[in-house]
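> Just the structure for this:
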Amino acid sequence: MENRSLVGRAGSGLKDINFNPFYAISTVTRFLKSLSMPRSNKPDRTTKSPVKRDDQEEMGIIIINDYDSTEEGPEFRSGSSSSNSSTGSVKQIPPVQEDEFFGPEKEEVKRLLLESGDTSGPGPGPGPVIAIWGPWGLGKTSLLKKLYNDFKIRRHFQCFAWVYMPGAGDFETRNIMQSILLQLEPSMTKKIMEMSFLELTKQLHSLQQEKRCLIVLSGVRKRENWRMLSVALPPADRTKSKILLTTCELTFALEIADTAKEISPLDKEQSWQLFNRIVDISSHEDAEKTMKEIVVSRCKGSRLAIAILAGYRNSTTRNSSGGPTDQVTITSFVDDLKSDLKEDPTSVEDAVGEIVSLSYEKLGDKLKECFLYLAHLPLEGELHVDDLCVRWVYEGLISEAEPNPMKVASHYLVELALRNLVQMLEEERGPKIGSFLCCKLHPLVGKFCQSEAKKVNGSKLTSVTVPGLPSDSKGYQIELSSDVESSRLRSLTFAGTFEPPPEIMTSKQLLLDFRAFVSLRVLEFYGVDFRGWNLPGLEIGGLTELWYLSFQRCYLENLHPSVGELSELKTLDLRVEPHCRMSVPNILWKLTELERLYFPVRFHCGDDHGSTTSKLRLTNMEKLQVLVNFNTRVCDVLDLVAMSKLREVGAVVEESHADLDSVLDTACGRVRRLSLQVKNFNCYSTAKRSALEKLLTCGRLRELNLEGYIRSLPQQITISKKLTEIVLNGAELEHDPMPAFGEITNLRSLTLCNDAYVGERMDCVHTGFGELRSLRINNLRKLNTWEVEQGAMPKLLSLSIEKCEKLVMLPAGLMYVAGLRELMIVSMPKIFGNRVQVLEGKEGEDVCKVNHVPRIIISSIQGSPEASI
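Down below sits the predicted model:
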């Protein structure tokens, strides 16, 4: 699972659906139950990659859950199932096309994108930079998404990247370029992560000349940011690529773009149609007429304003359990709304602010506090939902005296999302594709939040983010503003990645006396490269009130022993950069209050004698609830026995079936969710076969990454239906595993790689893989034939076929997988790639099978260059 922080970044392989508000608000239960899943520390797709957002034509808040009905978790339903006309129900409608809600600029920009300039010299074609401008809230991002996922545009360009551009304080040119390249060239992830700034610039410049790339930059605001990024953009007469961006200012758009198009606000009919898509009040003619007047006059044609107003309306039709209520009629709602919204706003920003203010005022006191907590985050900042809920609890916004504080926090987050005050973000790629793990604020909502927070807190902030630690000085003296009172500060975040120059690698020091922050409960370093910095260990060790300490995405090779002095610490997040190997001193056993412990991907025990073979002590951790990246080579598996409150575990087991048995015994006894990576597990002995059976039948296991020789799946068992993700590596199964895996009702992601199956034929029956979203088959060297029956894999979104050199053709059944978004064909024979292409006007034999797929990528085909259709 992805590793995210509460800090705004260049972007994140997610899609943002919330302020495209057509579809019914639905199935909140599934989202709530997924909040507390343990997260591993896989490398971010794009550092966390710039947000590449696939358009979802279904609108509103759609929330996915991996839990089944038998597990613990909060139950919370929206009013989407209600059709009670007296309340004005939330409509449940099929996905709709948005084209009717865009002006002529959509087709104009589409034409510009599809037109090709003369790359051999100055020509009549349009320049590579196209800007869409207009104020926040009119739907520039919605228009971008519509264009970005347009079928013809997807087939025209070969590579795609989407970046949400951060503000000046959060802008890191290297991160942005790295993020773009990771999306354009996902097969080069490892190489790109190691590139210097100059290498990134050259590679990005060259790639745009070699291929047709579409790069979307959402929210370009600062001229200096654009200048730093533009060095990687080739001249218009030497590129096949296009840059599509949004900005708020016309003068800025004209300055940086070859073509600038203004986005139009919705007209009166469009505004009302959009609102009416979400809230149905057609059975109340008088109220409908008044409501239409309010929507048209107060929303100023802003999609954002309409979405929040509709969300506010929907919130009034639910009771405290989330179900519909008859107590608030549509008539009284409209009368109250007319009274509350007294003056017509003069601008879109004023319209959004007024409606956000109205929705905010109707929140309960505790929910208001939780909403205002988001004020200290950078605009466009992304929040991982479980991180946010934990911090709400740790900062006292939700009482720990509650029977289940995280459940309460989950309900609060859902309520904000149902009101469209918080936008939910969807995973667009990878094994979690289709899931909602992150959220963020729209910039206009964020501005209101910041303004209101200062009023409530008496102009004294209790949470502060310090962005962009610089690399051009030997020390960094943090000057906190007058809005910050050190003794009241409860949350402090340091954000931003930098590349320290070699000449000062050992001389930089963070000049900040943490001892002044006597009330600090949350301290987060995000994306900070500590090579060249001296971490103020003793001062951090003196933070006796600290509950939450995080080093996500940092480069930190040595954890300071003084962390062991943080006697009240409840969460310790050590998920540094995946390629960074951390030395962890043997002090964790001192943290007796710890509830959540996240180890790095790569770490070792650094004891007092400098040994790297000792194991970490994790005794005295009776309160631990979440444990991620627990490695049996570094930690003693027997320490798990004393962790009586352990509920969620992510573990790595290497070779030892005895260690695997111990982990499974602990899981079966009390753990609610288990994620396992099992390495070098070759089943040559009876003991290991027995451990394999125990593994596959474990009802607590959710994610399994199994590496090693198996030969055959156990025949006398039923594989647990609770599994959501399986990676099988080098298993050398002799019999087709698809019938068995297809019966796992909750399976969402399946990867078979490196001869996981050594048979020649693979079959997916019509009843199989009902929930599968992601399928990857890689290096199955003997696979010759693959059949997919109609009805199989009905929810598949992403399919990748790599290095299966004997596979003759795509299965015909793919033509029935209507929702398939992406097909990747990598390192396959040329004849296989030709079957899905149109060459010299002639369609390949498999084109009809995948003609409905928006994005088909053909990469590293043997005997031909990369292609995309």
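> pLDDT weak spots in the stretch 601-750 of the chain?
Within the stretch 601-750 of the chain, the set of residues satisfying pLDDT under 70 comprises 607-613.
> Next, Arg776: secondary structure please.
Reduced to three states with DSSP: H, G, I helix; E, B strand; the rest coil, the structure at Arg776 is strand.
> partners of it in the sheet?
Following DSSP bridges, Arg776 is listed with bridge partners Thr751, Ser800.
> That one: neighbour count?
The number of residues packed around Arg776, counting by other CB atoms under 10 Å, is 19. (Glycine included, C-beta is placed from N, CA and C.)
> got it, and Gly759?
When neighbours are defined as other CB under 10 Å, Gly759 has 16 of them.
> again with His657
Every residue meeting other CB under 10 Å relative to His657 is counted, giving 20.
> does it really touch Lys688, like I thought?
Yes: proximity of His657 to Lys688 meets the contact threshold set by CB atoms under 8 Å, at 4.8 Å.
> Identify the contacts common to the two.
Residues touching both His657 and Lys688 comprise Phe681, with contact defined as CB atoms under 8 Å, 6 or more residues apart in numbering.
> Distance from the chain centre to stretch 265-279, please.
Averaged C-alpha coordinates place stretch 265-279 at 29 Å from its chain's average position (CA atoms, centre = their mean, to the nearest Å).
> What residues of it count as buried?
By neighbour count, with 16 or more other CB atoms under 10 Å as the criterion, the buried positions of stretch 265-279 are Pro265, Leu266, Gln270, Ser271, Trp272, Gln273, Leu274, Phe275, Asn276, Arg277, Ile278, Val279.
> So Ile243 is in contact with Trp226, correct?
No: judged on CB under 8 Å, Ile243 makes no contact with Trp226 at a distance of 10.3 Å.
> element containing Ile215, please.
When secondary structure is defined using DSSP states H and E, the element that contains Ile215 is strand 213-218.
> Mind giving me the packing neighbours of that strand?
Under the contact definition 3 or more CB pairs under 8 Å, 6 or more residues apart in numbering; DSSP states H and E, strand 213-218 sits against helix 140-148, strand 159-164, helix 173-184, strand 242-247.
> can I get these in TSV with distance to Leu706?
Below are these laid out as TSV (distance: least, CB to CB, whole Å):
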stretch	distance to Leu706
helix 140-148	36
strand 159-164	33
helix 173-184	27
strand 242-247	42
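> Show me the one of these that comes nearest Phe741.
Put simply, out of the helices and strands packed on strand 213-218 the one that sits nearest Phe741 is helix 173-184, at 29.6 Å, with distance taken as CB to CB.
> Determine the set of other helices and strands touching the next helix or strand after the closest one.
Using DSSP H and E, the helix or strand that follows helix 173-184 towards the C-terminus is helix 189-193. Helices and strands touching helix 189-193, as assessed by 3+ CB pairs under 8 Å, 6+ apart, comprise helix 173-184.
> coming back round to it: I'd like to know which of the helices and strands packed on strand 213-218 lies nearest to Ser332.
Ranking these by distance to Ser332, with CB to CB as the measure, places helix 140-148 first at 31.9 Å.
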